[in-house]
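In: Below: sequence and its predicted model.
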Amino acid sequence: MKIEVQSLSTSTVNSFLICPEQFWLDKIEKEPKCQQSANLVNGVAMHAAAESWFRSRQYKVPMTLETLVRVYRITWDQLESVRPVVYDGKSREEIEANAVMLLELLMKEDVGEVVGVEVPVKYRLSSDLDFIGRIDLVTRDSDDQLVLWDLKTTARRYSDDDFRKVCEQLVLYRGALAEPAHIKVMTLVKTKAPVIESHRLVPSYLNVNEAELVERFRMVKRSIEVGVHFKNRGWQCNGCGFIHVCNADRRNNEIELHFRRAA
Ligand code: SF4
């Protein structure tokens, strides 16, 4: 099978880096997933509700918390109707109660004037590769400064490593703009008493280098095209939709035999 990668998004690159085998089964072999984690489903449902909220701000249409919760529930139900959800300690009711508190807090956040929601981005990264993505939120602050936002639902407060990852993504989004922009992340932290935090990101402080990022994208493109895929076991296996295929892989036995013979 000849694979030609013409465009990549940060989420595609990151999913390849987290587990190349999972990426391969999902994007290349299009293997159906057997399950999905409640964490992931909650993140998608929160994102859908937040998107509705910011669109209502952009078009100045009033929206109630009840409507946002409905968007959250409908998104969850749609995802759950496709494949089973795996829970990790908390029930759906507990997760939803936390999500409702976060949505209530989100409605009180002052982000400035909303000028774009889920804005598509596409530009040439190198001679044979396009960068593609979607900016969660674009605003203008009181100084008429454009701000690009990424929204993250997270179980704990962000570390510098987490900030670096999201900064890399936003630096690449900013590459599509004709005018300067600040970059910010809004973290929706799902602690017992939930909090929302907004942070302005400074690429030089977080050691984010644009040339390095472009090179990473080019190397991932090449790796996919030559068929690199291996299992990277870790936290990402919890709720992985391909665990049934991954664990039943005949290559597991071949690897074991190889080590036995070598010994
Ligand atoms: S179970 Fe783990 S190693 Fe296997 S594909 Fe999924 S994430 Fe990768």
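Out: Received the coordinates, thanks. The structure presented is a predicted model; accordingly, all values stated were derived computationally and were not measured.
In: which outside residues touch stretch 134-143?
Out: Stretch 134-143 has contacts (CB atoms under 8 Å, 6 or more residues apart in numbering) with 47, 50-51, 54, 111-121, 146-151, 173, 181-182, 186. (C-beta placed from N, C-alpha, C; glycine too.)
In: Just the buried subset of these, written out for ChimeraX, thanks.
Out: In ChimeraX, this line selects whichever of the contacts of stretch 134-143 come out buried by 16 or more other CB atoms under 10 Å:
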select :47,50,51,54,111,112,114,116,117,121,146,147,148,149,150,151,173,181,182,186
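In: Tell me which of the contacts of stretch 134-143 fall in helices.
Out: 47, 50-51, 54, 173 (DSSP state H).
In: Make a markdown table out of these and add distance to Val228 and pLDDT.
Out: Formatted as a markdown table, these follow (distance: CB to CB, whole Å; pLDDT from 0 to 100):
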| residue | distance to Val228 | pLDDT |
| --- | --- | --- |
| His47 | 30 | 98 |
| Ala50 | 35 | 98 |
| Glu51 | 34 | 98 |
| Phe54 | 38 | 98 |
| Tyr173 | 27 | 95 |
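In: Just the closest of those to the ligand, please.
Out: Closest approach to the ligand among the ones in helices among the contacts of stretch 134-143 (CB to the nearest ligand atom): His47, at 21.8 Å.
In: so who does that closest one touch?
Out: His47 makes contacts with 136, 151, 153, as judged by CB under 8 Å, 6+ apart.
In: Per-residue pLDDT of the nearest residue to Lys231 once chain neighbours are set aside, please?
Out: Among residues not flanking Lys231 along the chain, Glu21 sits closest, at 4.4 Å (CB to CB, 6 or more residues apart in numbering). Looking at Glu21, its pLDDT stands at 96.
In: low-scoring stretches of this protein, by residue?
Out: Confidence mapping of the chain against pLDDT under 70 gives the ranges 250-263.
In: so is Gln22 in a helix, a strand, or just coil?
Out: Secondary structure assignment for Gln22 (DSSP: H, G, I helix; E, B strand; the rest coil): helix.
In: wait, the residue nearest to Lys231 sits on Gly227?
Out: No - if you go by CB atoms under 8 Å, Glu21 and Gly227 don't touch, sitting 11.8 Å apart.
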